[in-house]
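# need a 3D model of the following:
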Amino acid sequence: MARPALRLPSNAPGAFYVDSTCIDCGTCWQWDPHHFAPTGDSSHVVHQPEGEPEIAQALLALQACPVAAIGATPELLRHTPAEGFPALLFSHPAGAVHYCGWASRKSFGASSYLVVRPQGNVLIDSPRFNGHLARRIEALGGLAAIVLTHRDDVADHDRWAAEFGCERWIHQADADAAPEAERLVEGHAPVALDTQLRLIPTPGHTAGSMVALLGEQILFSGDHLWWSPAQQAVVASRTYCWWDWPSQVASVERLRDLDVRWLLPGHGDRHPFEPGAWGPAIDCTLAYCRGLAAG
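Numbering: from 1, shown residues only. The predicted structure follows:
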């Protein structure tokens, strides 16, 4: 629970605040960038919400925070939406994509996503286990599978799998992070879960990193790639590459010829792409990455 005594001085005056227990994961400002923003080593409130819709949005950011570093007055806290997450991001012929919220400290606040579809719902990476969220997922049809993109973001996968009796997919190279996973992806060849969902191994960030491609246009990228608003570019990070940077650059190149319309990462910003824009964007990313390698 956030404490007023630890309120960061950079917060805008008012009912909402971020305290000094913030781990700078970005969950709040990626969900609600109008009211929250990074300072460089934490997040803070830049604008106090006004009116019921804005207050509800900020309360969901509070709920999503993995370390409970966001506070508000007791009166406002009583109005936190119990059924705000999973929140629908968009619908696509391949499925309705939701952001799960309820980020986990175990995965440093990584985003997780729920895909609702007739073939069976799929959870991409794991949120913090929570009864409210579990009931909402059950009401949307439960879970048929959990895809774990890499070892960092497995969080409470075991509790979600037990709750819904579903299979978990992870790459063999990262399988020690989820040793009871029912399905292992091996090698570098893509694996089709069904006609609408493919897992593509992208080693680099970790040895067993994968991305999930839904409907040939929606890319759940884990920690392999994300969008940077500041750079207006798709980013692959050498700083946060835990296994092998040349392999990660090669994995980025493998995705160049896709027709991605939505990039949905574990960390970093989500971003839509116009038809034909993905390839040139990845060309820019590769040019930058190769420059880093040369340096």
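# who touches residue 20 in this structure?
Residues counted as contacts of residue 20 (Cβ atoms under 8 Å, 6 or more residues apart in numbering) are 6, 8, 42, 69. Just so you know, the C-beta spots here come from the backbone N, C-alpha and C atoms, and that holds for glycine as well.
# which pLDDT value goes with it?
Listed pLDDT for residue 20 reads 97.
# what does the one 10 residues further on give?
Here, the pLDDT recorded for residue 30 equals 94.
# which among the contacts of residue 20 gets closest to residue 14?
Nearest to residue 14 among the contacts of residue 20 is residue 8, at 13.1 Å by Cβ to Cβ.
# correct me, but the closest one touches residue 21?
No - assessed by Cβ atoms under 8 Å, residue 8 is found out of contact with residue 21, at 9.9 Å.
# where does this structure dip in pLDDT?
Confidence mapping of the chain against pLDDT under 70 gives the ranges 292-295.
# can you show me the helices along it?
27-31, 51-64, 74-77, 131-139, 157-164, 245-254, 278-294 (DSSP state H).
# returning to what we had before: which of the contacts of residue 20 are buried, as a ChimeraX select command?
Buried members of the contacts of residue 20, defined by 16 or more other Cβ atoms under 10 Å, are picked up in ChimeraX with:
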select :8,42,69
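# report the two of the contacts of residue 20 separated the most.
Greatest spacing in those, by Cβ to Cβ: 6 and 42 (11.1 Å).
# looking at the helices of the chain, which is buried most?
helix 27-31 (a mean of 24; mean count of other Cβ atoms under 10 Å).
# can you tell me what sits against that one?
18, 36-38, 43, 57, 60-62, 64-66, 70, 99, 101, 103, 109, 111, 268-270.
# again with stretch 267-282
Here stretch 267-282 makes contact (Cβ under 8 Å, 6+ apart) with 25-26, 30, 89, 108-111, 223, 226-229, 233-235, 252-253, 255-264.
# still on that earlier bit, okay if I get the contacts of residue 20 as JSON lines plus distance to residue 217?
Shown next, in JSON lines, are these (distance: Cβ to Cβ, whole Å):
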{"residue": "6", "distance to residue 217": "43"}
{"residue": "8", "distance to residue 217": "40"}
{"residue": "42", "distance to residue 217": "35"}
{"residue": "69", "distance to residue 217": "35"}
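# quick check, nearest of the contacts of residue 20 to residue 127?
For the contacts of residue 20, with residue 127 as the reference and Cβ to Cβ as the criterion, the closest is residue 69, at 17.0 Å.
# break the chain into its domains for me.
Domain segmentation of the chain under automatic domain parsing yields 4-77, 87-294.
# quick one: contacts for residue 254?
When contacts are counted by Cβ under 8 Å, 6+ apart, residue 254 touches 200, 202.
# that concludes my questions; thank you for your assistance.
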